[in-house]
Structure formats: C-alpha cells, structure tokens
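J.: Just to be clear, the model below is a prediction. Sequence and coordinates:
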Amino acid sequence: MADLTKKHEPFVRVAKRTQVSTKKSVLLQISAFVLAIIAGGLFILLLGENPLEAYKHIIEGAFVGSVRNPLSSVQATVVRFIPLLIASLALVPAFKMKFWNIGAEGQIIMGGVFSTYFALFHSDWPHAILLIVMILAGAVGGAFWALIPTIFKIKFNTNETLFTLMLNYIALYIVRYLEAGPWQRTKGYASIGSIDDNARLPEVFGVHIGWIIALVLMVLMFFYISKTKQGYEISVVGESQPTARYAGMSVGKIVLRTMIISGAIAGLAGALQVAGIDHTLSGGIAGGVGFTAIVVAWLGKLNPFYIAGISFLFSILAKGSSTMQTQLGLSASVADVVQGIILFCVIAFEFFINYKLIFKKKEG
Amino acid sequence: MANFINFFYAAILSGTPLLFGTTGEILCEKAGGLNLGVEGMMWIGAFAGFYTAWKTESVFLAFLVAFASAALGALLYAFLTITLKTNQNVTGLTLTTFGIGISTVLGFAMTENAGGNPQISSEFMSKLAPIEIPFLSSIPYIGKMFLNYNPFVYIAIVIAIVIALIFKFSKTGLAIRAIGENPSAADAAGINVTLHKYLCTIIGGGICGIGGAYMSIITLNGTWQSGGGVVGGYGWIAVALVIFASWSSAKAIIGSFIFGAFTCLQYYIGQFSFLPAFIREMPVSIYQMLPFLLTTIVLIISSVNSKKISSEPHSLGLNYFREDR
Amino acid sequence: MSDTQYAIELRGITKIFGEIIANDKVDLTVNNGEILALLGENGSGKTTLMNILSGIYHPDAGTIKINGKEVVINSPKDSFALKIGMIHQHFKLVEVMTAFENILLGTNNKLNRKKAAEEIKTLCDKFSLKIDLKKRVCNMSVSEKQTVEIVKVLYRGANILILDEPTAVLTPQETQNLFEILRAMKKDGKAVIIITHKLNEVLEISDRVMILRKGKSIDSIETAKANAKILTEAMVGQAIDLEIERPETEKEPHALDVRHLSVKGADGRMALKDVTFDISSGEILGVAGVAGSGQKELCETIAGLHKVEKGAILFKKENIVGKTPSEIIKAGISMSFIPEDRLGMGLVASMDITHNMLLKSYKNSKGIFLDRKEAKKLAEDLVEKLSIKTPNVSTPVRLLSGGNVQKVLIGREIESNPQLLITAYPERGLDINSSYTIYNLINKQKQNGSSVLFIGEDLDVLLELCDRILVLCHGEVMGVVNAREVTKEDLGFMMAGQKISDGGENNG
C-alpha cells in the first residue's frame, strides 16, 4: 500500500473565497500596476537602457510640448486618446454580453472607408452636413462590419472571436485595394491622397472635436449600461442566455442590437480618425487601436469611467514611447510590451481577489 | 505544368509554418486551453530563432532557442490560465500583443546594432537547402513535388503525424483527450490534470515557435525585416486551421498546405494561362485577402455542420478548479 | 491508538468554504465488510466529507487513517492508491468516450486492451454487473453509466467504496439490483459508504447509520436498532411531521390540455413522443420518470422555450404552440415556470435579489430606463415573507444557500398568482424544513385554483403531494394514475417502460 504520510501535504494549496473588501481589491490593483511598471523597467534595463530615463522620456514625450506650442505634446496624446477611448467604449456592451468582439480594428477601418467615400465624392456638400453624413456613414460602416459575424453567430453559433479577427484583415486588404485601385489619386502610387478641407473636422483647444464626442459617449455608455432596460438585457444575456430566453427576452434581437451599437461606435472612431487626424484613408488608420481597446476594456472592468482613465494612461505610454524611440533609439513598441505586462500583472493579481492561498501548517 | 509544379512547391513551403502553428495549437486545445497567443508565440520564436541563427550559425541551436523562447511565452500563458485561472481569451490576446511587441523591440535593437537589416550567413542558409535524395529527387515532377524540400518541411509533417498517433493510440493521448473533454472526470480518474495541461500548452507553444523561426529564417531568406510583418497573421490563420482540421493534426497537414497554396497564389496566378484574364489580373490585395477570406468561409461551414458529434473538446476555453462546487 | 483497525477512521475533519463551515470536526469510522449509510439533509456536509476522502477537497483540519495508518490525501490519485473509490452523484465520465476507455483512464497499467478487457469481464461476472464496453457513455442510460462508474472503481482495486446518492436516478427495480451488488461487495470484505437521504433505503441496506447535521457528526446508530422516526429526528434535530398535506379543492377539468405533443431534444432525437394529458385547475399533476425521460423538454415546451414538432398545447382552449414566453404573457395567460437549473435558467447568479425580481417585470415600466423601485420593494417583501436568509437585497444570489436561492425563485414566480405553475424538482438540494415550506407554497397555489405540473424525483413525495401522476419513459407517456391508489412498485414498472391500459381519465 502506498505510504502517504504527513510529509506528503503540499506546501501551499488554493481555496476559493467569497468576497474581498473593496479597499483590499483596490490595493491589489495598484500594486499590480506598480509591479508592471517595475517589470517593464527591468525589460528596458535588459536592453541596456536606463529605465528611469526611459520612463522620464515617455512622460516628457507625452506632456512637454515644443517651445512654439507648449501644448503640442498634450494635444498629440489626446489625439491618441480619442480613438482608443471610443473603441474601448465600443467593446463595453459586446463584452458585457460576453460576445468576444475582437474586431474593433476592422470596424474602425470600415468606418473610415464608409466616411471617406463621402469625403471623396461629395466634398462639395455644405460643411456641417458633409461632416454629419461622414460621421453617420462611419457608424454605419462599423455596424455593417460587426453585423456580419453577429448574424452567423446567431444563426449557426459561428465562433465570433475568430470571425471578427479575420474581418480585421479583410478590412485591411479592402483599404489596400481601394488605395491601389478605384480610389487611387496618382497612378503608380498606392494612396488616395488628402481629403478636401471641407471634409475635415473643426478643432477645439487645438484638438479636433472628436474629444468632445468621446467624452459624451463615455457618459452615455455609462447610463446605457447601468440604467436602461437595454443595458439590463445585455447583462442578463451575458450571464445566461437560457435565463434571458426564460424571461421572455428575444436573445437574437438583443445580440444583434448590441453588436450594431458596438460596431457603430467603433466605426465612428474610424470616421473621426479620417476627418480629424489622418485626412486620408490608409491601411494604418486603426494602427492596432482595436486590439489595445480589448486590453483597455478588460482592465477598466467595462466601466466607462475607468476605461477613460486607462485609455489616457495608455495614450501617454504610446505617445511617450514614440518620442522615446527618436531620442533613445528604443522601438516605440516598448509601449505594447509595457501594456502587455500591465495586463498580465492585473489579471494575475485578480487571482488573489477570487482565491486565497493556504500554506502548510507547521508540524505540531 | 512547370508553373503548376512551382506553385505546388511554393504552397508546401508556405504551408509549413502554418502546420507548425496549427499542430502546436491542437496540442494545447486538446487539453482544453484555447490559446489565442499563437501569433505572439510565433513572433517570439521568429525573433529568438533568427537572432540565434545570426549569432551562432547553428541550425540546431537556432530552432532549439526558438522552441524554448516560445515555450516560455506559453509557460506564462499556462501559469496565468491554469494556476491563476485567468480568462483565456484575454490572456491569449495579450500574449499576442506582448509577443509581437517584445519581438519588434528586440528586432529593432538588433537592427540598430547591426547598422542595417541583419543577414544570416549564406553558409548557415546552405544547411537549410533542399535535401537532395540521390535519384529520387530527380524523378521528373514527383521528385520536385514531394522529395526535394528543406528538412523542416519533413520535420513539421513528422511532428504532426506523431502527435496524431499519440492521441490515437497512447495512454497519454487518452488522458489528454479526457482532460479536454471533462477535466473533473479526468481528475477523478487519477490523472494529473495540471501537469498535462502545462505540458501540452508549453510543448504546443514551442512548436508554434519553430513555425515562427521557420518564417524569419527560411521564408524571409535570412534577412530580418525590421518594421515589416514577419509572421503577419499566420498565427491567426493557424488558430482557425485548428477548426478546419477538426482538432486532428493529421488533417492539419492537408489543411496547412491548402492554406499555404492560397497565401502564395498571388505570385503564380498570373502564369496560369488557362485561367481567364480577369482572374489573372486581379489586384494583389485581393489575393492577399484570400487566406483570411477562406478561413472565414471555413469557420462558417464548420459551424453550420456542427450538428453532428463535434470534435471540439468540450471544456475548451474553460478553466478548471478542483474545488469548484 | 486503539486496537480495532478501522478501514476508515476520520477524526475532527473540518472543511470551510468561504464563510460556510461544511464539515465541523466530523468523526467517522467504517469497518471492513460493513455498509455504512451516511445520512443527513441536503447541505449537511455528506458529499463534502466524502470528497475529502476521494481527494477532491483538502480538509482544513483533522486526521484521516486508512487501515490504521495516518495518511494525507491530496488528489484522487492518492485516494486510488489507498484503494478508495468514489462514485459521484454527478458521474465523472467522459461522455464522448466508450465505457472501456473510461475504465482504463488514468490507470497506470500498460495499454494492453485485450488483457484489460478480460480482467474487466472477470470483475463483472464476480459482482454480476452488465456492461457493454464498446458503447459510448453519451449513448447510455443513467443506470448503465452508474455501472461504468462502479466497474471503473472496482477495476482500480478499490476496497473502500463510496456511493453518493446512487439511487436518486434509478427506478425502484434498478435500486434493488444495485443493492444486490453492494451486498456482494460486503461479502467480499469491502467497506461501503452510501450517502443518501432516503430513510427506507438506509434501513434496508445498511449495517450502521452515521448522521450528519449542519456539518457536525451527530450520532452513529446500528441500523437494527433504528427506525424512520429516530433517524429523522436525529437528522433534523427536532420532531417533525412527515406527512405532506393534500388539500381537497374545487376542480375545473381541462384547464391545460396537451394533445399529441412531440418535440426533439438537443441531440436531435425525439425527446417527447405523442404526449397527451390534461390538468384541471386546482390540481397538482405529478410527473415521474427516470432522469432524462423528457421532463425537461416537457416543462420548457409548455413554457414556450422549446420548438414543437407536432401537437397542441391548449390553455383554456387557446393553443399556445409556437408562442414565445412574452407572447404567452401578452395573450393574457399567467404562467410561471420554476426550472430545474435555478441559477442557469431561472435566476441570474451574479445579480442581486432586486435585479432578479426585475427579470419578469422590467418591461412593465414606461420609458427606456430601468425602474428598480417596485422590484426592490418586492424583494424586501419576499425576504420577509419567506424568511430568506440574506445580508440584504443587494447580495448576489450566487452567495445564498440553495434553499434561499429556491425561495427567491419560487417567491418571484408565485407572486403573480399564476393560472399555471410548472415546477421541476423544486425541493432538490433543500433541507427537509425548506422542502416542506415549498410544498406548502405549492399547495397554496393549488387551493387558489392554479393548475400545477410538478416534476418530481422522490416517489414518496409524488405519491403524497400530487392528485394524479403521469409517468414518462423515453419521452412516452406510460400512463396517468391516481396518486391516492397507485403503489410505488407500479410506478417503478411504468418508469422502466411498462404501459398500463388505464388511460387515467380525469376523475376530479
């Protein structure tokens, strides 16, 4: 017979816990962030750079402007903040519903495509009308792109994670096709050129008005999710579809509606990018924002206000890193690495919110 | 005919990294882990393998380091999802962001140091030249189509077959399948669920890493493309191919080569004179889109067909905690 | 150390889940060649205690001795090494694999299929177990699955067998069969622990009874000296009246008429075949049958959640086939459904009581915003009226105990005084007192003139509570019988597939 004596007891084992105080959970989150910053610093150290200096460059790069325009860096940070916040907000209702829409990237691109159409071919429309149409067209484009996988999800339960992901690539190649084909400006040169001045967004405080739209959306999304019937329906569907059906909710309709909203908001980000910043349509319009948004939405626990905070933090990282690249000769992708580490740390620390460790007792 | 043989040859070559990625992910998914970090792990393998090849000129070391580095990435995923029970979707996606990020940063630093795009020596590259089998390789058509590849094409196929055999015949394979289907049943049967899950995830990740190294070293012909897409979405195609192959690494061999054909179609389609002109002259972007479009179609078809007994592991994507009630 | 060497000796076993103490300093002993019944109400910690023995849970305190040796069990593997085998209530089988693969799973032997098959056959012959090794588990009946579990445990050479509620899913005849097997094992010198809450079975099969109450070990009685009354009092901790009331009511026949109903299950096979029955108002119609005989589909179909292939469901002469739950409500039919899987279907586990009240009523308020006021009031009322134990109405329901979860669900469902009440295993997982509260609530609905469809698993309860009983087998109606007249044996035969000629016409 096997000899299973006291020595055999594991050094540490895991048990579930029911609830943890808010204070402790906030403390855990903060320590996760600190740990992530330290881990990121170690990585920079391994690359042979001084991490403190690298972080200093990042902060300065995000906030300290040029002599001529002291606000230029802050404005550039905000410019990155706008699409990231909007795209992350777009994911809130989808993720709340446990619909793994990782296609924000493609939805942003399609929003850009739809709105560019009006910028290119109806640039003679009155300024205000043209801009409104472009923004609406962007929303329609994003919604359309989100609708395709949703319909298949509802009909055949097709895996939405992979479907939305593939649509990101397909959207990208659609833009490439337009650049080199029908919307080409100069023959032999794959670009559609700049859009007419008439199709560009006005600025407030040196940044296009998208930031106002983003902040309004943040507040609206908060109310939509937590105060409306539709928000309630989304939560129920996300928790349990049988329960939703049991309560007389039409699950398919709710999923469809929610994904239209999700896609439309992402598409809006694309339209703002075209009309506000890029003033053209290119393959780089989304530039990975759709992917970063997933991390942001998750870190922000689907709360629009937290999400805004994290979007801003990530925008500082991204803007600062690009400045750092030119100054230190360190790739701007350091931002991606640090973001990854932050998420790893935060979700790892969540373990301590849900579980506790029990250490082996001393022999007694 | 010569055009077709060239096309076939190219399809096998481009399908090989996909096969590595798909086989690695199948191993992981069979044990219930849906690792969306394949793209990231392939990137890690791509950089680590390339760097080692560039520095040491040893083929063995290059691919070993690629395997080990990607396995390390997979270990991170395994630790987070298996031990700390984090959400698999989010963890995998982050592994992708992280993997691409870290490889880009390191690749950038490598390029800065080299003062230009680093290039692996031609001596190293010659070790990866197609294996000439005396007489056999020179058989017309068949020699070129089947018996004239670099060693890693064969290695990919062998790994895929070995894994298929393990699942079909061995006790370990049975145990892994049981874990993917119903971890609590496997646990109650006395199988070490955690150990098997870790091993599958780590080894699977390592195999993905070899696929990445294959791309940076062989596909890109020994030059690091700084700023360019080294893996360029192949990892994601591999994730989808797992579904296409219905979780069988034997079927993945065929699947990978079909997808390989689509990825290189753009270079050959123009030469197929039997095709109508409008097809041959379609813009390149359309052909670049095809693998992704095909993946989507495959996804749809396999979901429409899923009414029959599904080969998808039942607990795929779910974490297991023994004391859950 | 004492001279007697027990097969199992547990001393001071304690296990805590969050704030719930599942086992509180429990002592337990079993001898070789003894059948011990572990008796206790739901939530008294029986399964937890046995899961500690089988390596699923790790105790927070206490010692385990097997054959006199102190051991630590960290995993099911350790448990097997000690020759302990547990047959869990929810079978731990891999559905897509064959019986053979399931039995071999995790064993250390070389994969010698031929030899293994022979060994299994010898085992089966010894204990007269019948098993088809090539059959996939997903194609098996519940009792076949149980046999696979038993063989699995025996094949690993277990000398100590633990069975968790093994009879819950069996017909009376299958239960007898199982008991024969257990007796054979006892003769073979094995120690057997059987967990159950059915008193008559305890008295029939066991040598000794060990009683758990609220996680504590209360008493150990020799079965020969026990009777139902002694056991119940020890189990509940107070004298209790075991009679379930069956009030007489005014009945109006054919309130609900189900005609030739056929539906397909999730696996594409027919789950209900040509089912015809009716319920009067003020009547409880019980449904008996082995688990998976079509009960779930029957409930969900009537509630408008399942597609109908053929047939009609008439409520007060109106056909509701093809109507969604919200359309049924719009048609002015007030129907309530208490599903089997409370947290998976009836309630949202992560939401609090107030938000779970909203599930049925959130559409009633005007405008786009959610009105929480009335729901909150209702939640507070129910907490008081049904004495639901919860810190407050904003506690997520997943943190409540099973009985309180069920009270939340039933409370919400009967709040609207439904004309038709469908309940599936409403007492499952509840202690005796809570169960009686539930029966009383259902009886009150009956007295109010509701038609009640009551899906049950305990035949004694069905016989006492219901007016008539419909028996399902493989989705077919075996007959509808008068609950006052029928015997348990007859029900058993019908559950196993024997039809009776009497159509059970409504005689109320």
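T.: Alright, I've got the coordinates. Numbers count the residues shown, from 1 in each chain, chains lettered A, B, ... in the order given.
J.: residues from the stretch 101-250 of chain B in reach of chain A?
T.: B:101-102, B:104-109, B:112, B:233, B:236, B:239-240, B:243 (Cβ under 8 Å from any Cβ of the partner chain). Backbone N, C-alpha and C define where each C-beta goes, glycine included.
J.: Just the ones of these in helices?
T.: Taking DSSP state H, the ones among these that sit in helices are B:101-102, B:104-109, B:112, B:236, B:239-240, B:243.
J.: what's the model's confidence in whichever strand or helix holds B:M41, averaged?
T.: Assigned by DSSP states H and E, B:M41 belongs to helix B:38-56. Across helix B:38-56, the average pLDDT comes to 96.
J.: again, but for stretch A:234-251
T.: For stretch A:234-251, mean pLDDT is 93.
J.: and what of stretch C:417-437?
T.: The pLDDT scores in stretch C:417-437 average 87.
J.: buried set for that stretch?
T.: By neighbour count on 16 or more other Cβ atoms under 10 Å in any protein chain shown, the buried set for stretch C:417-437 is C:418-432, C:434-437.
J.: could you check whether that stretch is close to chain A?
T.: No - in terms of Cβ under 8 Å from any Cβ, no part of stretch C:417-437 sits within range of chain A; the closest distance is 11.3 Å.
J.: Export only the CA atoms of that stretch, formatted as CSV.
T.: The C-alpha atoms that make up stretch C:417-437 are tabulated as CSV, following Å, rounded to 0.1, in the frame of the first residue of the first chain:
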residue,chain,number,x,y,z
ASN,C,417,-50.7,34.1,-8.7
PRO,C,418,-50.2,32.1,-11.9
GLN,C,419,-53.0,30.1,-13.5
LEU,C,420,-50.5,27.5,-14.5
LEU,C,421,-47.4,26.7,-12.4
ILE,C,422,-44.7,24.4,-13.7
THR,C,423,-42.1,23.2,-11.2
ALA,C,424,-39.2,21.0,-11.9
TYR,C,425,-37.6,19.3,-8.8
PRO,C,426,-38.4,22.3,-6.6
GLU,C,427,-37.2,20.6,-3.5
ARG,C,428,-33.9,19.4,-5.0
GLY,C,429,-31.0,20.4,-2.7
LEU,C,430,-33.2,21.7,0.1
ASP,C,431,-33.3,20.5,3.7
ILE,C,432,-36.5,19.0,5.0
ASN,C,433,-37.9,22.1,6.5
SER,C,434,-37.3,24.1,3.4
SER,C,435,-38.8,21.3,1.3
TYR,C,436,-42.0,21.5,3.4
THR,C,437,-42.1,25.2,3.0
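J.: so does it get close to chain B?
T.: No - against chain B, stretch C:417-437 shows no contacts by Cβ under 8 Å from any Cβ, the least distance being 11.5 Å.
J.: Can you classify the nearest residue to A:I316 once chain neighbours are set aside by secondary structure?
T.: Nearest non-adjacent residue to A:I316, counting by Cβ to Cβ, 6 or more residues apart in numbering or on different chains: A:A62, 4.1 Å away. Using DSSP: H, G, I helix; E, B strand; the rest coil, the structure places A:A62 in helix.
J.: and C:Q295, how far is that from C:L453?
T.: To C:L453, C:Q295 is 10 Å away according to Cβ to Cβ, to the nearest Å.
J.: Find the residues that touch each one of these two.
T.: Counting by Cβ atoms under 8 Å, 6 or more residues apart in numbering or on different chains, the shared contacts of C:Q295 and C:L453 are C:V287.
J.: Only the buried residues of the helix or strand where C:D381 lies, if you could.
T.: Per DSSP H and E, C:D381 falls inside helix C:373-385. Judged by neighbour count using 16+ other Cβ under 10 Å, the buried positions of helix C:373-385 are C:A375, C:K376, C:L378, C:A379, C:L382, C:V383.
J.: Now for the fourth one: which residues touch it?
T.: The reference is to C:A379. Counting by Cβ under 8 Å, 6+ apart, C:A379 makes contact with C:D352, C:I353, C:T354, C:N356, C:M357, C:V393.
J.: Looking at those, state which has the most neighbours.
T.: With neighbours set by other Cβ atoms under 10 Å in any protein chain shown, the maximum within the contacts of C:A379 is found at C:I353, which has 29 neighbours.
J.: wait, it sits on C:V393?
T.: Yes - the pair C:I353 / C:V393 is scored as a contact, 4.6 Å apart, by Cβ atoms under 8 Å.
J.: After the helix holding B:M41, which helix or strand is next? Please name it.
T.: Counting by DSSP H and E, what follows helix B:38-56 is helix B:59-78.
J.: Quick one: mean pLDDT for that next one?
T.: Confidence for helix B:59-78, expressed as mean pLDDT, is 97.
J.: Now do the buried residues in that helix.
T.: Buried positions in helix B:59-78, judged by neighbour count with 16+ other Cβ under 10 Å: B:59, B:62-78.
J.: pLDDT below threshold where in the stretch 201-325 of chain B?
T.: B:226-228, B:306-310, B:324-325 (pLDDT under 70).
J.: My error: substitute the stretch 1-150 of chain B in the last question.
T.: Counting by pLDDT under 70, the stretch 1-150 of chain B has low-confidence residues at B:1.
J.: Where does the residue of it found nearest chain C sit: helix, strand or coil?
T.: Scanning the stretch 1-150 of chain B for proximity to chain C using Cβ to the nearest Cβ identifies B:G32 as nearest, at 12.0 Å. With three-state DSSP as the basis, B:G32 sits in coil.
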